[in-house]
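J.: here are the coordinates; sequence isn't available:
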């Protein structure tokens, strides 16, 4: 205590009954508790993700806070890929069926790669493509090891995004022409028997007929393909 008195240049210092050193006057009666709360907030910020939660802390300290933050981050990494995965219930009627899709899209066999739409809003769309062994491309890709080509997965996304773009356009008939594909990644193989969930989300509002979207192909809760796509909406001359 004598050494601390000299360090802080005080005539006298002591440890109060509350457990803090009285080298300075407290700004608030609850300052020790506020300090601990700020420690919790600061340590949990190390997770790197915004947290919306009710945290109950019993006698927290930096070491326990950091260990708790590590556990949260491990959980986020483990479950990150399952966030935003569409839920497909085949017994529910679709938002748009194949007959409607054929009216909207110019694609026909063998290049219509969209079976139905199960979700639709102003900012996203979810479509379904059922993959069977009878698909024409499995004859050569590959014999004895059928895998759906990645470029056709992206084409299926583009067709799904076309429905979203046209749904957001004024009355009339439109076509969509894709201008750019960026950040495309293929993470899992798509094989016969798989049901592809095609999710397209607007990245920015549609301006001057230019539509920017983020596309993801799911099979179950696994991401197979993802890409950023840019399309132009053009009115048909009919």
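T.: Sure thing, it's come through. Quick caveat, the model's predicted, so the values are computed rather than measured.
J.: in what helix or strand does the most centrally placed residue in the chain lie?
T.: Closest residue to the average C-alpha location of the chain: residue 84 at 5.4 Å, with CA atoms, centre = their mean. Residue 84 belongs to no helix or strand when elements are defined using DSSP states H and E.
J.: Tell me where the chain has strands.
T.: Under the criterion DSSP state E, strands of the chain are mapped to 116-120, 124-130, 174-186, 195-202, 210-219, 222-235.
J.: Kindly check the end-to-end length of stretch 7-27 for me.
T.: 21 Å (CA to CA, to the nearest Å).
J.: scratch that, stretch 200-216
T.: Using CA to CA, the span of stretch 200-216 from its first residue to its last is 7 Å.
J.: buried ones in it?
T.: Across stretch 200-216, burial judged by 16 or more other CB atoms under 10 Å covers 200, 201, 202, 206, 211, 212, 213, 214, 215, 216. For every residue, glycine as well, the C-beta is placed using N, CA and C.
J.: Look up how far residue 226 lies from the residue nearest to the centre of the chain.
T.: From residue 84 across to residue 226, the span is 11 Å (CB to CB, to the nearest Å).
J.: hey, what's in contact with both of those two?
T.: residue 216 (CB atoms under 8 Å, 6 or more residues apart in numbering).
J.: what bits of this structure have low per-residue confidence?
T.: Along the chain, segments meeting pLDDT under 70 span 18-20, 22-24, 238.
J.: from the chain's centre, how far out does stretch 93-106 sit?
T.: 26 Å (CA atoms, centre = their mean, to the nearest Å).
J.: got the buried residues for that stretch?
T.: When neighbours are counted by 16+ other CB under 10 Å, the buried residues of stretch 93-106 are found to be 94, 95, 96, 101, 104, 105.
J.: and what of stretch 31-44?
T.: In stretch 31-44, counting by 16+ other CB under 10 Å, buried: 36, 40, 43, 44.
J.: I'd like those written out as TSV, with distance to residue 159 added.
T.: Converted to TSV, those look like this (distance: CB to CB, whole Å):
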residue	distance to residue 159
36	55
40	48
43	47
44	43
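J.: Which ones among those residues map onto helices?
T.: 36, 40, 43, 44 (DSSP state H).
J.: For the residues you listed, work out which two are farthest apart.
T.: Greatest spatial distance in those: 36 and 44, 12.7 Å, computed using CB to CB.
J.: Mind listing the shared neighbours of these two?
T.: Joint contacts of residue 36 and residue 44 (CB under 8 Å, 6+ apart) do not exist.
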